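>>> Structure, please.
(2 chains)
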Amino acid sequence: MTARSLEPAVPQQGAAGSAVSGPAPRLDPDATAVTTTGLAKRFRGGQLAVAGIDLLVPHGAVYGFLGPNGSGKTTTIRMLLGLVSPTAGSHTLLGRSMPASAAQVLPRVGALVEGPAFHPYLSGRANLARLDAADRTADPSTAGRRIDTALDRVGLTAAAKKRYRAYSLGMRQRLGIAAALLQPRELLVLDEPTNGLDPQGTREVRTLVQELASDGVTVLISSHLLSEVEQICTHVGVMHVGKLVAQGTLDELRRSQQPRVAVETTAPAAAVRALAELGLTPGPIEGRHVTAALGEAEPEKVLAALVHAGVPVRQFTLDEAGLEDVFVALTGEGFDVSG
Amino acid sequence: MSAAEMSAVATAPAVRRPPVVSTRFLRSELGMVFGRRRNLAILAVLAGIPIVIAIAIKVTAPVNDGRDGPPFLFSITANGIFVALTALTVVLPLFLPLAVAVVAGESVAGEASLGTLRYLLVVPVSRTRLLAVKYAGALAYCLAAAFIVAVVGTLMGALLFPIGPVTLLSGTQVSYGAGLARLLLVALYIAAMMAGLAAIGLFVSTLTESAIAAMATTAVLAVLSQVLNQVPQLDWLAPWLFSHYWLDYGDLLRDPIATGAVTKGLAATAAYVLIFGSLAWSRITTKDVSS
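Just a heads-up that it's a prediction; the model follows:
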């Protein structure tokens, strides 16, 4: 796909528009999996939960939808799926306008919304059978096989006949994911899928998402923990207080925060002078350490210039910003803080 | 376009064309309604009432001393079929409305409080279809509730008392079979009356995310309607109350059947179903599902 600017996050109207009006949108390679235009939700109390966002999830992407708790991620996901009607804006799923095309689109979308929810007195298997029965597009003759496959995929085969009431939090989460996998899907919307899972379970979900993505399924995965999705995402969008403050590929996001060079030397003052001559703005000297944002300069040339200026360099390092730093910069707070 | 996208397009699963009529969801709903232990326990309690009545009459052989008792009570020793009619009369004011209030009140609110409503909607189940299936489930329960009382009553009556030609309210005697046909009509009429209450319960159920609140509200409305119906000062209101025609099933036991009140009762119930069904529909199709 084409490179996308980080800010402002503007969807490619042309591509999305042609996908909507095309005769066979499902086969249109330019169709995006998710596009929103100015999508906003103001609750009746007057609280603006989502302040007009332009999401763009390309086909085949694993899109990490990040933001602190309360930043509007779940409300956005509910709007995407037609559970909550937006107060402004519009959106498409798989190239079709929502909620008008919900009946055609949603069978191709698997979703886990704000945690799993099932009937406690039914078994895991019976709960999936219930959801499958509700699906008019599901073939009843393959229901048993599809349910077993979904249960197997999330490792719940042994607990299939247990009542949901007796499931641990992790098993419940797995059942929720199994429900999203009852049918072959083109888009998976997973809201905090690793909530309540132990590290092993988290790894398994990550592996599962990667497997699905490699099958060509587009995945929108929300999390308030960057570390949980960083390894599997191709794209990210960052929410903060109802706004989409950044969107793009992981690399684009990383690049948005400038890398810094750090120099350890016995002559820090000379190093500061040399860096300043290169056009960098070094920070204050801390003992034998001097740092500066790299800007457009190439790190190799910076080192050469330092040596050329006679600065006795003991150590020269290039600190690329971690994504965590980027997020802190974008959201102005740590990731576990409720917004 | 990346390889991943290519494969996404290539392997894009064809969505199966849905059949014109599918009863799978309805059957699943019926399984939920009649598979729940609580709902079965309520049916068992309802079935217990004709049993208790039959045994009590058999043991005590009451004499008609002029004190008030349910109609038909003193006819039981003469003909077992009146066990069923007495039992229906006994359950109609409170037990039956409570049973219906539980199932109808839970219908949408129960799914909302569990959070399963959002998962049904993203399956996707259209909101109209969800409402229709939920109401169908409640209707089936109304029928089951009325019929279990009638059937158990008939069986207990046949077991403990003589059966034979039935003397109707108008004094005419008809065969036992014709009497059973009248009993069937009575049970259907009572189930239809409960269908009106179920529509009210369905609407209440779309207003809240608490199943208990919806059940309680529906039950309170059922009782309130009957209380208001008894207040002489509110006579003008009575014909508009949904419980006003509940007891008119007696007209089905005349020869010929007096259709006036019964027809009005069915029409009033149809109006209630229409009004509250529409209210429930307009509510569920516009509400934000945030549970």
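>>> ok, now which ones touch residue 194?
Let's take chain A. A:173, A:201, A:202, A:205, A:206, A:223, A:225, A:228 (Cβ atoms under 8 Å, 6 or more residues apart in numbering or on different chains). Every residue, glycine included, has its C-beta placed from N, CA and C.
>>> oops, I was thinking of chain B
So residue B:194 contacts B:96, B:97, B:100, B:142, B:145, B:146 (Cβ under 8 Å, 6+ apart).
>>> Can you get me the start-to-end distance on stretch A:160-180?
16 Å (Cα to Cα, to the nearest Å).
>>> Mind listing what's buried along stretch B:204-224?
B:204-211, B:213-215, B:217-219, B:221-223 (16 or more other Cβ atoms under 10 Å in any protein chain shown).
>>> ah, wrong one, I meant stretch A:118-133
A:118-119, A:122-133.
>>> Can you sort out which of those also neighbour chain B?
When contact is defined as Cβ under 8 Å from any Cβ of the partner chain, those meet chain B at A:118, A:119, A:129, A:130, A:131, A:133.
>>> related to what we said a few turns ago, give me the ChimeraX select line for the contacts of residue B:194, limited to the buried ones.
Buried members of those, defined by 16+ other Cβ under 10 Å, are picked up in ChimeraX with:
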select /B:96,97,100,142,145,146
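>>> ok, the residue of the stretch 101-250 of chain B found nearest chain A - contacts?
Nearest residue of the stretch 101-250 of chain B to chain A: residue B:115, at 2.8 Å (Cβ to the nearest Cβ). Listed by Cβ under 8 Å, 6+ apart, the contact set of residue B:115 reads A:114, A:115, A:117, B:291.
>>> farthest pair in these?
A:115 and B:291 (11.3 Å; Cβ to Cβ).
>>> for chain A, which strand is longest?
strand A:34-42 (DSSP state E).
>>> one step back: format the ones next to chain B among the buried residues of stretch A:118-133 as CSV; extra columns: distance to residue A:110 and secondary structure.
Output for these, formatted as CSV (distance: Cβ to Cβ, whole Å; DSSP: H, G, I helix; E, B strand; the rest coil):
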residue, distance to residue A:110, secondary structure
A:118, 15, coil
A:119, 19, coil
A:129, 16, helix
A:130, 16, helix
A:131, 11, helix
A:133, 17, helix
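>>> Tell me how far residue A:187 lies from chain B.
Distance of residue A:187 to chain B, computed by Cβ to the nearest Cβ, to the nearest Å: 9 Å.
>>> For the stretch 51-200 of chain B, which residues score under the pLDDT cut-off?
Counting by pLDDT under 70, the stretch 51-200 of chain B contains low-confidence ranges at B:61-71, B:74.
>>> swap the cut-off to 80 and go again
Low-confidence segments of the stretch 51-200 of chain B (pLDDT under 80): B:61-75, B:77.
>>> returning to what we had before: which one (most neighbours) among the contacts of residue A:194?
residue A:173 (24 neighbours; other Cβ atoms under 10 Å in any protein chain shown).
>>> how near is the closest residue to residue A:34 other than its chain neighbours to residue A:81?
Excluding the flanking residues, the one nearest residue A:34 by Cβ to Cβ, 6 or more residues apart in numbering or on different chains is residue A:57, at 3.8 Å. Counting by Cβ to Cβ, to the nearest Å, the gap from residue A:57 to residue A:81 is 14 Å.
>>> ok so, going back, quick check, nearest of the ones next to chain B among the buried residues of stretch A:118-133 to chain B?
The nearest member of these to chain B, counting by Cβ to the nearest Cβ, is residue A:133 at 3.8 Å.
>>> Show me where the stretch 51-200 of chain A has its strands.
A:56-57, A:62-66, A:88-93, A:96-98, A:109-112, A:187-191 (DSSP state E, counting those that start in this stretch).
>>> now the ones you listed in TSV, with mean neighbour count and mean pLDDT?
Formatted as TSV, the strands of the stretch 51-200 of chain A follow (neighbours: other Cβ atoms under 10 Å in any protein chain shown; pLDDT from 0 to 100):
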stretch	mean neighbour count	mean pLDDT
strand A:56-57	25	91
strand A:62-66	27	91
strand A:88-93	20	91
strand A:96-98	19	88
strand A:109-112	26	93
strand A:187-191	24	93
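>>> Take those and lay them out in JSON lines including distance to residue A:295.
Below are the strands of the stretch 51-200 of chain A laid out as JSON lines (distance: least, Cβ to Cβ, whole Å):
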{"stretch": "strand A:56-57", "distance to residue A:295": "29"}
{"stretch": "strand A:62-66", "distance to residue A:295": "27"}
{"stretch": "strand A:88-93", "distance to residue A:295": "37"}
{"stretch": "strand A:96-98", "distance to residue A:295": "43"}
{"stretch": "strand A:109-112", "distance to residue A:295": "42"}
{"stretch": "strand A:187-191", "distance to residue A:295": "38"}
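>>> Of all those, which one is nearest residue B:85?
Closest among the strands of the stretch 51-200 of chain A, using Cβ to Cβ: strand A:109-112, at 52.1 Å.
>>> can the closest one be found next to chain B?
Yes. Strand A:109-112 reaches chain B (Cβ under 8 Å from any Cβ) through A:109, A:111.
>>> Export only the CA atoms of that strand, formatted as PDB.
Provided in PDB are the C-alpha atoms of strand A:109-112 (Å, rounded to 0.1, in the frame of the first residue of the first chain):
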ATOM      1  CA  VAL A 109     -16.600  -9.700  10.200                       C
ATOM      2  CA  GLY A 110     -15.700 -11.500  13.400                       C
ATOM      3  CA  ALA A 111     -15.800  -9.400  16.600                       C
ATOM      4  CA  LEU A 112     -14.800  -9.400  20.200                       C
END
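>>> Mind giving me the packing neighbours of it?
Other elements packing on strand A:109-112 under the criterion 3 or more Cβ pairs under 8 Å, 6 or more residues apart in numbering or on different chains; DSSP states H and E are helix A:169-180, strand A:187-191.
>>> can we see that at 10 Å?
helix A:73-80, helix A:169-180, strand A:187-191, strand A:218-223, helix B:116-121 (3 or more Cβ pairs under 10 Å, 6 or more residues apart in numbering or on different chains; DSSP states H and E).
>>> hey, what's the residue nearest the centre of chain A bridged with?
In chain A, the residue lying closest to the centroid (Cα atoms, centre = their mean) is residue A:64, at 0.8 Å. Beta bridges link residue A:64 to residue A:221, residue A:236 when assigned by DSSP bridges.
>>> Phi, psi for the residue of the stretch 101-250 of chain B closest to chain A please.
phi 90, psi 0 (degrees, to the nearest 10).
>>> Tell me how far it lies from residue B:89.
41 Å.
>>> now check the top helix by length along chain A, is it near chain B?
Criterion DSSP state H: the longest helix present in chain A is helix A:199-214. Yes. Contact of helix A:199-214 with chain B (Cβ under 10 Å from any Cβ of the partner chain) involves A:213, A:214.
>>> Now that helix: buried residues?
A:201, A:202, A:204, A:205, A:206, A:208, A:209, A:212, A:213.
>>> Against which helices or strands is it packed?
Using 3+ Cβ pairs under 10 Å, 6+ apart, helix A:199-214 sits against strand A:62-66, helix A:143-153, helix A:169-180, strand A:187-191, strand A:218-223, helix A:226-229, helix B:3-10.
>>> residues in contact with residue B:80?
Residues in contact with residue B:80 (Cβ atoms under 10 Å, 6 or more residues apart in numbering or on different chains) are B:54, B:153-164, B:166, B:176.
>>> I'd guessed residue B:94 sits against residue B:227; true?
No. Here residue B:94 does not reach residue B:227: they are 11.6 Å apart, not a contact under Cβ atoms under 10 Å.
>>> Can you point out the buried residues in the host helix or strand of residue B:32?
Using DSSP states H and E, residue B:32 falls within helix B:24-35. For helix B:24-35, burial by neighbour count (16+ other Cβ under 10 Å) applies to B:24, B:25, B:26, B:28, B:29, B:30, B:31, B:32, B:33.
>>> filter those residues by proximity to chain A?
Okay, of these touching chain A (Cβ under 10 Å from any Cβ), that's B:24, B:25, B:26, B:28, B:29, B:31, B:32.
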